[in-house]
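Engineer: Here is a sequence together with a model predicted from it:
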Amino acid sequence: MGASIGQTGLKLVGFFLLLAGWLLVLFALILLPAAGSRTAFVCVGLLIEFLGFGLAVRSHMRLGDERE
Amino acid sequence: MTPLSTPVLSESASAICLALVLLVPLAGVGLILINCGLGRSRSAAHMMLASLCAMAVAVVVFAAWGFAWQGLATHPGHTAMLGGRPWSLLGAEPWLLRGLPMDGSPWSLSLLLQMFATALVVLIPLGATSDRWRLTACAFSTTLLTGITYPLFAHWVWGGGWLSQLGANYGLGRGFLDGGGAGVIQVVGGMTALSMACILGPRHGKYMADGMPAAIPGHNTVYVLFGCLLAWLGWIGLDSAGAILFAGVATGRVPLIAINTTLCAAVSGLTAVVITGKRFGRPDASLSGNGWMGGLVASSAAAAFVRPAAAILIGLVAGILVSYAVDSLEFRIGVDDPGGAVSVHLVGGLWGLLAVALFGNFAEPYQWLAQVVGIATLLGFVLPLTYGLNALLNRFYPQRVEPEGERQGMDLHELGSGAYPDFVTHSDEFLQR
């Protein structure tokens, strides 16, 4: 049960990172006029999203293990 | 409301475009047959009825307020000024399609294509949820998809929203390009399919005690492969009409779009045949069908902008990605997706969006960055939104059928009669694993 709550927390962190990465992409578009820095921040935002997606997937895998 | 500008189409071009739009429902018919064939025989009638109900809910919601929020690129929407640039966030059309002249003009064709696209997107989650998704829950979830998630993203891409304006506002190529709906239809549907498969959990008996998945083969491979053929015709219409109406491509490029769509599907399907043949000793018909569909999906965004040689490469990569994604989801991640909807539509669609940037010929710089921003929006906004809405719905209205219903089969449990009353039901399907 405790582990399940932990995995749900991990999933929430994953979704938070997905959203945070997207917001970073938006802020890069709005706030950074220079093409180089804008490109860099958009790529970093996407990487954060991949990290978040990985965490959300990982939490789903562990929840599955617990069901067994 | 006065149109800002209208795409110019001659009378003959409009007629060609209308014919292409009218091919699009065949893509839906194909998807329904594929979903039905890849499910169990005891849930076949339920799958067909759920598909009809989902499409019915989708078009009603589209007419009621979906189109109002989705909007048209040529009409002004609800706009916010961010960083000194206009960001169109939501459509501002009249509700219930009031006051819209249905006169065969390009934007009335856009309206028709958008309605068909809405009916198409709701069929994708059904592939991942067969044998366990309640009919009423499916209708509620479809309302959320077509009433909130889909029109928002569709406005941003097809309705003149901020993603389509990335070129004009920030110098990113021609803005996010997705004429055939690789992102708007396929990835949005695929993300909803992934969310629903996770929320519902695997089918009873899918995973053994040691965590290994059991093979639950589809009940009718002929449906699946015939569905692939119908979907091919539908996709030619979808890719061509979408490119003309949403990406401003000339009707003269329709042959190229049809050739690229066909090449993508053919190479992707052949790749899946070879991969499954190598791995299992003989080709797997269902997975090969998934490969074919993955190629169609991957072609959606790129077909109008790449050369045939690039389409072959896009199809090759799509076939590899879809074949291995099906296995990864089932074996490693533990997502039970009977129809391969996540692998085909989510993975194939994302690859298609990226392929525009990799292989497209554009005079404007930074097209690839516009595509990356679109993909980031799908991952960072659409996925949490569709998962959150469906998880919330599941909390108040459980979406999974009771264990007894799953054991009995969705046909008998929810409809009271089976799809094939003359068939013998194999008792081993009911054994506890």
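Structural biologist: Good, I have the coordinates.
Engineer: Most proximal residue of the stretch 251-400 of chain B with respect to chain A?
Structural biologist: The minimum distance from the stretch 251-400 of chain B to chain A, using Cβ to the nearest Cβ, falls at residue B:380 (2.5 Å). Glycine gets a C-beta too; all of them are placed from N, C-alpha and C.
Engineer: residue contacts, that residue?
Structural biologist: A:18-23, A:25, A:45, A:49, A:52 (Cβ atoms under 8 Å, 6 or more residues apart in numbering or on different chains).
Engineer: Could you pull up the residues touching residue B:410?
Structural biologist: Neighbouring residues of residue B:410 by Cβ under 8 Å, 6+ apart: B:42-43, B:46-47, B:131-132, B:401.
Engineer: need those residues in CSV with distance to residue B:92 and secondary structure, can you?
Structural biologist: Listed next are these as CSV, based on distance: Cβ to Cβ, whole Å; DSSP: H, G, I helix; E, B strand; the rest coil:
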residue, distance to residue B:92, secondary structure
B:42, 47, helix
B:43, 42, helix
B:46, 39, helix
B:47, 37, helix
B:131, 41, coil
B:132, 39, coil
B:401, 40, coil
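Engineer: Just the pLDDT at the residue nearest the centre of chain B, thanks.
Structural biologist: Chain B has residue B:186 as the residue nearest its centroid, 2.8 Å off, counting by Cα atoms, centre = their mean. pLDDT for residue B:186: 98.
Engineer: element containing the closest residue to it other than its chain neighbours, please.
Structural biologist: Excluding the flanking residues, the one nearest residue B:186 by Cβ to Cβ, 6 or more residues apart in numbering or on different chains is residue B:349, at 3.4 Å. Residue B:349 belongs to helix B:348-359 when assigned by DSSP states H and E.
Engineer: now do residue A:7
Structural biologist: Using DSSP H and E, residue A:7 maps to helix A:2-31.
Engineer: about what we covered before: and the helix holding residue B:349, what does it pack onto?
Structural biologist: When contacts are defined as 3 or more Cβ pairs under 8 Å, 6 or more residues apart in numbering or on different chains; DSSP states H and E, helix B:348-359 packs onto helix B:285-302, helix B:308-327, helix B:367-377.
Engineer: May I see the ones you listed arranged in TSV, with distance to residue B:218 as well?
Structural biologist: Shown next, in TSV, are the helices and strands packed on helix B:348-359 (distance: least, Cβ to Cβ, whole Å):
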stretch	distance to residue B:218
helix B:285-302	5
helix B:308-327	13
helix B:367-377	31
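Engineer: Would you tell me which one of those is buried the most?
Structural biologist: Ranked by mean neighbour count, these are led by helix B:285-302 with a mean of 31 (mean count of other Cβ atoms under 10 Å in any protein chain shown).
Engineer: what mean pLDDT does it have?
Structural biologist: Here the average pLDDT along helix B:285-302 is 97.
Engineer: Summarise which helices and strands that helix is packed against.
Structural biologist: helix B:25-38, helix B:221-247, helix B:254-280, helix B:308-327, helix B:348-359.
Engineer: same thing but 6 Å
Structural biologist: Under the contact criterion of 3 or more Cβ pairs under 6 Å, 6 or more residues apart in numbering or on different chains; DSSP states H and E, helix B:285-302 touches helix B:221-247, helix B:254-280, helix B:308-327, helix B:348-359.
Engineer: Can you name the residue of chain A that approaches chain B most closely?
Structural biologist: Minimum separation of chain A from chain B (Cβ to the nearest Cβ) falls at residue A:22, amounting to 2.5 Å.
Engineer: what comes up buried for stretch B:98-118?
Structural biologist: Of the residues in stretch B:98-118, B:100, B:105-118 count as buried by neighbour count, 16 or more other Cβ atoms under 10 Å in any protein chain shown.
Engineer: do the same with stretch B:208-220
Structural biologist: Residues of stretch B:208-220 classed as buried: B:216, B:218-220 (neighbour count, 16+ other Cβ under 10 Å).
Engineer: Likewise for stretch B:21-37?
Structural biologist: B:21, B:23-37.
Engineer: Could you identify the most distant pair in these?
Structural biologist: Pairwise distances across those (Cβ to Cβ) peak at 26.6 Å, for the pair B:21 and B:37.
Engineer: Moving C-terminal from the worst-scoring helix or strand of chain B on mean pLDDT, which element do we reach first?
Structural biologist: Lowest by mean pLDDT, DSSP states H and E among the helices and strands of chain B is helix B:403-408, with a mean of 91. Later in the chain than helix B:403-408, the nearest helix or strand by DSSP H and E is helix B:410.
Engineer: Was I right to think residue B:127 contacts residue B:35?
Structural biologist: Yes. Between residue B:127 and residue B:35 there is a contact under Cβ atoms under 6 Å: 4.4 Å.
Engineer: And the nearest residue to residue B:42 once chain neighbours are set aside, how far from chain A?
Structural biologist: Closest residue in space to residue B:42, ignoring its immediate chain neighbours: residue B:409 at 2.8 Å, by Cβ to Cβ, 6+ apart. As judged by Cβ to the nearest Cβ, to the nearest Å, residue B:409 and chain A stand 23 Å apart.
Engineer: Give me the distance between residue B:409 and residue B:378.
Structural biologist: 35 Å (Cβ to Cβ, to the nearest Å).
Engineer: got the residues of chain A near chain B?
Structural biologist: By Cβ under 6 Å from any Cβ of the partner chain, the residues of chain A that approach chain B are A:15, A:18-19, A:21-22, A:25, A:29-30, A:39, A:42, A:45-46, A:49, A:57, A:60-61, A:64, A:68.
Engineer: now do 8 Å
Structural biologist: When proximity is defined by Cβ under 8 Å from any Cβ of the partner chain, chain A lies next to chain B at A:15, A:18-23, A:25, A:29-31, A:35, A:38-39, A:42-43, A:45-46, A:49-50, A:52-53, A:57, A:60-61, A:64-65, A:67-68.
Engineer: Identify the residue nearest the geometric centre of chain A.
Structural biologist: In chain A, the centroid-proximal residue (Cα atoms, centre = their mean) is residue A:52; its distance is 2.3 Å.
Engineer: Can you give me the pLDDT of that residue?
Structural biologist: Taken from the predicted model, the pLDDT recorded for residue A:52 is 97.
Engineer: Pretty sure residue A:22 is one of the things it touches, is it not?
Structural biologist: No. Using Cβ atoms under 8 Å, residue A:52 makes no contact with residue A:22, being 9.4 Å away.
Engineer: pLDDT below threshold where in the chain?
Structural biologist: Using chain A here. Low-confidence regions of chain A, defined by pLDDT under 70, span residues A:1-3, A:62-68.
Engineer: hmm, I had chain B in mind actually
Structural biologist: For chain B, the ranges with pLDDT under 70 are B:1-7, B:424-433.
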